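Novice: Structure, please.
(one chain, ligands or ions: 2)
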Amino acid sequence: MSKVYIVRSNDYSQVDTKLAELIEMMGGTSQFVKPNQRIALKPNLLVATEKEKAVTTHPSLLTATGKIFGKVTGSMLLAESPGSGYAYDKKALEKTYLACGMSDAAKIGGIELNYDTSFETVSFPDGKLVKRFEIITPILRCDSYLNLCKFKTHGLMIMTGGVKNIFGVIPGRSKPGYHSTMTTPELFAGMLLDLLALVPPKLTIMDAVVGMEGDGPFNGTPRHVGLLLASTNPLALDFVVSNMMGIPIDKNPLLVEAKKRNLHPSGIEEIEVIGVPLAEVCIPDFKLPASFTKENRRVLGSFLKPFVKNSFTVDPRIIKSNCTACGTCKKACPRDAIVIKKFAMIDKKKCIRCYCCHEMCQYNAIELHKSWLFRLFNQAV
Ligand code: SF4
Ligand code: SF4
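Specialist: Ligands and ions are numbered 1, 2, ... in the order given. I've put the predicted structure just below:
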């Protein structure tokens, strides 16, 4: 039976004490780290943006983690490669750390900031889908790492939690390549599960004090949730979060793929929730991304799809008035489907609808637009 621990943390000023409570419930820090170990902390730093937007892991969780685990190890390093299209270089890291509040948080928490931007290609013969990954060196060199993820929605994967956060161990400019080859949510989920098997975190802690609903992981709306969650099994944590967000297990591509692989857990009944009961933390009116669909697509949609394939879509669309022609979306696009002139333009024929451009645009200039056929055959939430 996997265990997921939940405590209430009404705001970020409580995170220090609430995280200590959470770790005590799990048996204390010695369960996860040992003296003299080098421990990496891997937050979600998708883009360089301020903490109030709820896009990135809140700096107070980094500080609290550093203070608590630093009493045992004394050697901790923040290691993360920001989102697709970002160069994984010192300048980009400096900018991201500063914007996300990580520079100050690391100082207070006694955590070193990583500036080693090397990465290694690691062979993984046991991978079911991917046999080789590029992984940032600090994650490979540390004794273990703690996964500090965020409670958020996601255009392609519907939600981003414990498992999806691990994609940040892949260097920035390599990420579009994975999107380019893993063109469906199912394939992308398979890749994530291989990556999880290769570099499993020692512990996953989720910042769900203020999460994100709607069109996450960047353009959604902050949503107060008031919780911290933790588990040694990020998949179990994602089962719980999927439940909280109201995503049926069979509509969550990651969990569907995990079930196909007979991974544990395969259902919420195989998880023991300790602390705040699951029934108390589910959010009935939680808004899922535009790309989420309910049941009937498979019935009518699968019949008609071959005939009107390109009409059954949720397409990224440029909002010209918001576009600054900055080019970030072009760098993130794995299919070279974007050209930048006065504003960005998307070539629909090349687009594989991975939504990386939507994820990376910081100007709210890309919306996810549902075709009328899509709307007709899917009851979007
Ligand atoms: S759509 Fe967004 S990311 Fe792309 S060029 Fe315009 S402002 Fe930049
Ligand atoms: S234009 Fe299409 S293929 Fe390119 S990043 Fe956006 S959704 Fe992905």
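
Novice: and the gap between residue 353 and ligand 1?
Specialist: 16 Å (Cβ to the nearest ligand atom, to the nearest Å). Where C-beta positions appear, they are placed from N, C-alpha and C, glycine not excepted.

Novice: That residue looks like it's in a helix, true?
Specialist: No: Residue 353 is assigned coil when assessed by DSSP: H, G, I helix; E, B strand; the rest coil, not a helix.

Novice: what pLDDT does it get?
Specialist: In this model, residue 353 is scored at 88, pLDDT.

Novice: what about residue 267, how many residues close to it?
Specialist: Number of residues near residue 267 (other Cβ atoms under 10 Å) recorded here: 11.

Novice: next one: the one 5 residues further on
Specialist: Neighbours of residue 272 under the rule other Cβ under 10 Å: 12.

Novice: Model confidence for it, exactly?
Specialist: Predicted confidence (pLDDT) for residue 272: 98.

Novice: For it, give its distance to ligand 1.
Specialist: Residue 272 sits 43 Å away from ligand 1, going by Cβ to the nearest ligand atom.

Novice: element containing that residue?
Specialist: Element membership of residue 272, judged by DSSP states H and E, is strand 271-275.

Novice: strand partners of that strand, parallel vs antiparallel please.
Specialist: Its sheet considered, strand 271-275 pairs with strand 2-8 (parallel) by DSSP bridges.

Novice: Now do the strand it pairs with: everything it contacts.
Specialist: Contact with strand 2-8 is made by 18, 21-22, 25-26, 226-233, 235-237, 239-240, 264-265, 270-276, 278, 281, as judged by Cβ atoms under 8 Å, 6 or more residues apart in numbering.

Novice: can you give me the mean pLDDT across whichever helix or strand comes after it?
Specialist: Next helix or strand after strand 2-8 toward the C-terminus (DSSP H and E): helix 15-25. Summarised as a single mean, pLDDT over helix 15-25 is 98.

Novice: In helix 15-25, which of the residues would be classed as buried?
Specialist: Buried residues in helix 15-25, counted by 16 or more other Cβ atoms under 10 Å: 15, 16, 18, 19, 20, 21, 22, 23.

Novice: Out of these, which is nearest to ligand 2?
Specialist: Relative to ligand 2, the closest of those is residue 15; by Cβ to the nearest ligand atom it sits at 34.0 Å.

Novice: In contact with the closest one, which residues?
Specialist: By Cβ under 8 Å, 6+ apart, the contact list for residue 15 reads 9, 58, 60, 61, 63, 64, 209, 228.

Novice: repeat that with 6 Å
Specialist: For residue 15, the contacting residues are 9, 60, 61, 64, by Cβ atoms under 6 Å, 6 or more residues apart in numbering.
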